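>>> with the input below, show me the fold.
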Amino acid sequence: MSVDYSATPEVEENGGAAGPEVEVIASPRRRKSVQARLVGGRIQVRVPAAMSAAEREKAVARVVASLRRKMRAGYTEAQLRERARRLNAEYLEGRARADSVRWVSNQQHRWGSCTVSTGDIRISDRLRDVPAYVLDAVLIHELVHTFVPGGHSAEFYRWADRAPRAERARGFLEAYQRYGRGG
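A predicted model of the protein is given here:
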């Protein structure tokens with residue numbers, strides 16, 4: 001990817017046909033990290049203002065490629081919510097009460113989490129490219145937390161194990177954590 005750095009030093013843009021426009025923002029407050037995120041249909045990349053043009057071009061290319069891979073892989077948040085709704089109806093008799101189901105990037109030691117009091121379910125974005133049955137098992141696991149009190153009890157697992165290929169999904173996640181990209 002080539003970024004035109006002859007634009008103003010504050011904001012540089014690249015209108016590419018390969019995807020959303022890339023906006024590069026040189027931040028005087030940023031020291032080392034480079035961050036890319038989707039904002040209003042464009043990829044916004046924040047880089048340290050002191051970074052050289054060569055370093056900047058490499059860093060921008062790296063984080064934009066990573067973000068584009070994530071955008072292509074797996075399910076969107078709307079699709080994730082719909083999948084959770086369908087799994088709830090199909091396997092949990094509609095008992096789960098999930099007000100929010102979304103991807104998060106800050107879970108490095110969990111596949112998913114549930115805040116029972118609010119019905120918020122967060123799924124690690126490390127699961128974006130796993131097989132569907134694995135994602136389904138994690139979603140069902142978190143959905144069960146919304147209606148079976150007391151954590152991982154025998155009753156909890158009676159419901160969670162309704163996920164198709166639940167045992168195989170657990171094995172996949174163990175291997176993914178140990179040997180794959182999950183950890």
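
>>> pretty sure Val134 sits against Glu174.
No - assessed by C-beta atoms under 8 Å, Val134 is found out of contact with Glu174, at 11.0 Å. Where you see a C-beta, it was placed from the backbone N, CA and C, and this is true even at glycine.

>>> for the chain, which segments count as helices?
Counting by DSSP state H, the chain has helices at residues 53-72, 77-91, 132-145, 154-160, 166-179.

>>> follow-up on the earlier one: so which of Val134 and Glu174 has more stuff around it?
The neighbour comparison of Val134 against Glu174 (other C-beta atoms under 10 Å) goes to Val134, with 21 against 12.

>>> what pLDDT is listed against the more buried one?
With respect to pLDDT, Val134 scores 95.

>>> which non-adjacent residue is nearest it?
Nearest non-adjacent residue to Val134, counting by C-beta to C-beta, 6 or more residues apart in numbering: Ala169, 4.6 Å away.

>>> Provide a list of residues in contact with the one you found.
Residues near Ala169 by C-beta atoms under 8 Å, 6 or more residues apart in numbering: 133-134, 136-138, 163.

>>> per the record, what domains does this protein have?
22-71, 77-179 (the TED database).

>>> ok, now how distant is the residue nearest to Val134 from Glu93?
For Ala169, the distance to Glu93 equals 20 Å [C-beta to C-beta, to the nearest Å].

>>> same check, this time on Glu55
55 Å.

>>> okay, now His141: neighbour count?
23.

>>> correction: Cys114
20.

>>> ok, Thr118 next?
12.
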